[in-house]
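Participant: coordinates for the following, if possible.
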Amino acid sequence: MKYSLAFITLVSSSLLIGSVGDVFEVEKKAALVDVSISDMLFSLGEPKPAHYLDSVSLEMIQRGNELVHFGRTTAPNGKNTKQISKFYKCISCHNTVKEDPNLAEVNPERRLDYAREMDIPFLQGSTFYGIVNRETWYNDDYVVKYGGLVESAKNSLEGSIQLCAEVCSQGRTLKQWEIESILAYFWTLDLKKSDLNWTAEDEKKMTNASDDERLLHIKKKFLAKSPATFGELPKSKSEGYKGLEGNPANGKIIYELGCQHCHREKGESDVVLDDSKATLNWLKRNITANGDLSIYEIIRKGTYAGEGHKEYMPHYTLEKMSDQQIEDLRSYIESGT
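Facilitator: Have a look, this model is predicted:
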């Protein structure tokens, strides 16, 4: 059975726990659902994007949810799919929930505070929450990194999904029905009015405004892309970033919500970073090293997949981890506790 995109936001919470639920129960809850930003924009004359789906089924959404969270699903023919990647799942690098308190600004410090408050990972990739509301992907310095690879992706969400599967996750090419299923799931993560910190003043401005003015006002409340600026290493690793003093309390949060998201037992990396003094001392000894054992090198440069070793670590852009936060992490490591 097919449903409109205005309906599919009703099922997102139930999908996250693995159950679509009864359709009629979902329909009864329709009046309680927050207002979709896309619906607001479309009603004011905003053209629907190329990744818009006219109709979806609950089965499509479920398959998309499973592909994103588990890397595989049951195909329409009833057979299990192959894993997208042997090494990563989408959620290895991306959250599926709101991760910034203010969607109209980029502020890694506030993002970390919000991650701590909400107990969500502090990751390199931008969240999938609101991804359908963006207008471009693989932005700014990612064009420098990937070159021609991003030509079919930077202005296409479908192309971005495929690029992420093939290159970023070192996986296989997705079939069209898999891309559409992922899109169907992504549309359940459409921004809502409550995500925009909407105030009575905002409502007042909308009252007597034209449709064009309303469109502009809504769009000012969230970013249409995720900026990406590659950072530099400090001139001296011994001295660190000039003029910045680390905060070990913040560093501990980065270590737990960032580093340990992948560097854990049975995690994405074969390098396990636990809370022992031995591990922290090992990291401390390598802070000034030349190579990816240094936190400066691995955070700012990451590593690349190679022949015989496809696993790699994506780097953090300045928008995802500031120089100050690297010094915070260093301070925690050097504290040894």
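Participant: quick one: contacts of stretch 276-296?
Facilitator: Around stretch 276-296, the neighbours that count as contacts under C-beta atoms under 8 Å, 6 or more residues apart in numbering are 233-234, 237-238, 272-273, 297-298, 301-303, 313, 326, 329-330, 333-337. C-beta here means a position set from N, CA and C on the backbone, and glycine is covered the same way.
Participant: what's around Ala224, how many residues?
Facilitator: 9 (other C-beta atoms under 10 Å).
Participant: meant to ask about Trp187, not that
Facilitator: Neighbour number of Trp187 under other C-beta under 10 Å is 24.
Participant: against Val56, how distant is it?
Facilitator: Distance check for Trp187 against Val56: by C-beta to C-beta, to the nearest Å, it reads 7 Å.
Participant: before we move on, back to that, what about the contacts of stretch 276-296, which are in strands?
Facilitator: Among these, no member falls in strands (DSSP state E).
Participant: list buried residues within these.
Facilitator: With burial judged by 16 or more other C-beta atoms under 10 Å, the buried subset of these is 234, 237, 273, 297-298, 301-302, 313, 326, 329-330, 333-334.
Participant: make CSV out of those and add distance to Asn133.
Facilitator: Below are the buried ones among the contacts of stretch 276-296 laid out as CSV (distance: C-beta to C-beta, whole Å):
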residue, distance to Asn133
Pro234, 36
Lys237, 39
Leu273, 34
Glu297, 34
Ile298, 32
Lys301, 31
Gly302, 27
Met313, 28
Ile326, 30
Leu329, 31
Arg330, 36
Ile333, 37
Glu334, 41
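Participant: between the residues you listed, which is closest to Ala115?
Facilitator: For the buried ones among the contacts of stretch 276-296, the closest approach to Ala115 (C-beta to C-beta) belongs to Leu329, at 13.9 Å.
Participant: so, low pLDDT: which residues of the chain?
Facilitator: Within the chain, the stretches with pLDDT under 70 are 1-33, 306-310.
Participant: where do the strands sit along it?
Facilitator: Using DSSP E, strands in the chain cover 2-3, 56-57.
Participant: got a list of what Cys93 touches?
Facilitator: Residues in contact with Cys93 (C-beta under 8 Å, 6+ apart) are Leu123, Gln124, Gly125, Cys168, Pro314.
Participant: tell me, how many neighbours does the closest residue in space to the last one that isn't next to it in sequence end up with?
Facilitator: In this case it means Pro314. If the residues on either side of it in the chain are set aside, Pro314 comes closest to Gln124, at 4.5 Å by C-beta to C-beta, 6 or more residues apart in numbering. Residues within reach of Gln124, counting by other C-beta under 10 Å, total 20.
Participant: ok, Gln124 touching His315?
Facilitator: Yes - using C-beta atoms under 8 Å, Gln124 is in contact with His315, at 6.7 Å.
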